[in-house]
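J.: 3D, please:
(one chain, ligands or ions: 1)
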Amino acid sequence: MKTALTIAGSDSGGGAGIQADLKAFAAQGVYGMSVITAVTAQNTMEVRSVQNIDLSIINDQIEAVFDDIRVDAVKIGMLSSAKTVKVVADSLEKYQPKFIVLDPVMVSKGGHHLLQGEAISALKEKMLPLSTIVTPNIPEAEVLINRSIQTEENMMNACLAIKALGPKTVLLKGGHLSGNPNDLFYDGVSFHWIKGERIHTKNTHGTGCTLSSAIAANLAKGATLLEAVQLAKKYITTAIKYSLNLGHGHGSTNHFY
Ligand code: PLP
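T.: Numbers count the residues shown, from 1 in each chain. Below you'll find the predicted structure:
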């Protein structure tokens, strides 16, 4: 069986973070493993509090997995602090997994900061150059390149600027622009639009986590980068279409529709 490892934060409400990642891996038929970087007390309405996990136990979790089990792909989500970014980057440099999918998680849909301000430069310097693919949404991309993105044309220039930060490929997600949520994939040679359809629902909690995990699972199963992105986009679109109206806020995507 193919395997994937998520290095991310826990969402007690089960909709985003580690919980979404493991469900997405399972839905793709991939064996999931997890390294928890932070614990959030969270539901569909809000992130109430966050506790970062000690750096030594983050490092130990990574070593425990890699020292024993084959890891076919890694997905990285919430990293919280600059020190966590450094520990994770250093250990990935040591173990050199074949695929690293980086979801540069910064702020929750409810506005809670999941990456401290000073961690952004660490993320750019240490994590982006290690990534096989980085999957920012528009606000995250704007922070990474310090420039506003308002049109699909801007997205092409933004991809070039993000690629210059060192990842092998870029998937810039266009869902925050008006119109259909079209994403742009750039591998340093050519651009591919991954077209989407707008689904009108409030239940979109954890969509970014789910998409990046589905990309990692498909890479683990042997898909090319472009195929992995296309398959993951199909999966997230249906997962949103059949999203779950749980809780009183933003319900989550449905991994097993
Ligand atoms: N909580 C955790 C642990 C996350 O990793 C993320 C996003 O990656 C979120 C919350 C935010 O989820 P959303 O913005 O989809 O509500």
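J.: Was I right to think Thr40 contacts Gly15?
T.: No: at 10.9 Å, Thr40 does not count as touching Gly15 under the criterion of CB atoms under 8 Å. C-betas here are computed from N, CA, C, even on glycine.
J.: The two - which one has more neighbours?
T.: Between Thr40 and Gly15, counted using other CB atoms under 10 Å, the more crowded position is Gly15 (28 against 24).
J.: for that one, what are its contacts?
T.: By CB atoms under 8 Å, 6 or more residues apart in numbering, the contact set of Gly15 is 44, 205-206, 246, 250-253.
J.: and it, what pLDDT?
T.: At Gly15, the model reports a pLDDT of 97.
J.: what do you get for Tyr257?
T.: 88.
J.: hey, where'd the helices end up in the chain?
T.: Using DSSP state H, the helices of the chain run over residues 17-27, 55-66, 82-95, 119-122, 138-145, 152-163, 207-220, 225-241.
J.: ok, now which ones touch the residue nearest to Trp193 when sequence neighbours are not counted?
T.: Closest residue in space to Trp193, ignoring its immediate chain neighbours: Asn182 at 5.5 Å, by CB to CB, 6 or more residues apart in numbering. By CB under 8 Å, 6+ apart, the contact set of Asn182 is 152, 174, 193-196.
J.: Tell me the buried residues within those residues.
T.: With burial judged by 16 or more other CB atoms under 10 Å, the buried subset of the contacts of Asn182 is 174, 194, 196.
J.: Turn those into TSV, columns for pLDDT and distance to the ligand.
T.: Converted to TSV, the buried ones among the contacts of Asn182 look like this (pLDDT from 0 to 100; distance: CB to the nearest ligand atom, whole Å):
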residue	pLDDT	distance to the ligand
Gly174	97	16
Ile194	98	19
Gly196	94	16
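J.: Just list whatever residues bridge to Trp193.
T.: Leu184 (DSSP bridges).
J.: any idea how far it is from Pro181?
T.: 11 Å (CB to CB, to the nearest Å).
J.: what do these two both touch?
T.: In contact with both Trp193 and Pro181: no residue, using CB under 8 Å, 6+ apart.
J.: what residues does the stretch 101-250 of the chain put near the ligand?
T.: Contact residues, the stretch 101-250 of the chain versus the ligand (CB under 6 Å from any ligand atom): 105, 108-109, 114, 205-209, 250.
J.: okay, those in a markdown table with neighbour count next?
T.: Output for these, formatted as a markdown table (neighbours: other CB atoms under 10 Å):
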| residue | neighbour count |
| --- | --- |
| Val105 | 25 |
| Ser108 | 20 |
| Lys109 | 15 |
| Leu114 | 21 |
| His205 | 30 |
| Gly206 | 31 |
| Thr207 | 25 |
| Gly208 | 23 |
| Cys209 | 30 |
| His250 | 25 |
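J.: Which one of those residues is nearest to Met33?
T.: Using CB to CB, Cys209 comes nearest to Met33 of those, at 15.5 Å.
J.: Verify the stated contact: that closest one with Gly9.
T.: No: judged on CB under 8 Å, Cys209 makes no contact with Gly9 at a distance of 9.3 Å.
J.: Residues that sit against both of these two, list them.
T.: 17, 77, 105.
J.: and which of the residues you listed is nearest the ligand?
T.: For the shared contacts of Cys209 and Gly9, the minimum distance to the ligand (CB to the nearest ligand atom) is 2.8 Å, reached by Gly17.
J.: okay, now the closest residue to the closest one other than its chain neighbours: neighbour count?
T.: Nearest residue to Gly17 in three dimensions, chain neighbours excluded: Asp11, at 3.8 Å (CB to CB, 6+ apart). Around Asp11 there are 27 other residues, counting by other CB under 10 Å.
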